[in-house]
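K.L.:
next come a sequence and a model predicted from it.
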Amino acid sequence: MGGADPAQPYASPLFAPDHHGLPRALIQVAEHDPIRDDGLRYAEAPRSAGVPVRTTTYDGMPHGFLAFPRICRAAPAALAELSAEFRSALS
């Protein structure tokens, strides 16, 4: 990417200098996603700063599984979980 710094917080919020004061978070990861561990590492950053974080790992799922709710068996549950989290946050 032409010398872009991958540790820049806008590229990866994991590298933000401070995670205090963030809103509660739901972090969903897929078991067979090559960036799953990055999602789990990120979940620890705000959690360590006292932010409520809930993490769900969808077993057997690949990267992008949410885009295929009729093909990936866990996608409907993940979408329902995400929708419930949004409803709760916005109420």
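P.N.:
Perfect, thanks for sending it.

K.L.:
hmm, who's touching the top helix by length along the chain?
P.N.:
Longest helix in the chain by number of residues (criterion: DSSP state H): helix 75-90. Outside helix 75-90, the residues that touch it by C-beta atoms under 8 Å, 6 or more residues apart in numbering are 23-24, 26, 28, 54, 56, 58, 61, 65-69. Glycine gets a C-beta too; all of them are placed from N, C-alpha and C.

K.L.:
buried residues in that helix?
P.N.:
Within helix 75-90, the residues scored as buried using 16 or more other C-beta atoms under 10 Å are 75, 78, 81, 85.

K.L.:
same check on stretch 49-68?
P.N.:
So, applying 16+ other C-beta under 10 Å, buried residues of stretch 49-68: 51, 53, 56, 58, 61, 65-66.

K.L.:
can you tell me which of those residues are in helices?
P.N.:
With DSSP H as the criterion, helices contain none of the buried residues of stretch 49-68.

K.L.:
from those, pick the one nearest residue 42.
P.N.:
Nearest to residue 42 out of the buried residues of stretch 49-68 is residue 53 (C-beta to C-beta; 9.1 Å).

K.L.:
now stretch 67-84, how far from the chain's geometric center?
P.N.:
Its chain's C-alpha centre and that of stretch 67-84 lie 14 Å apart, by C-alpha atoms, centre = their mean, to the nearest Å.
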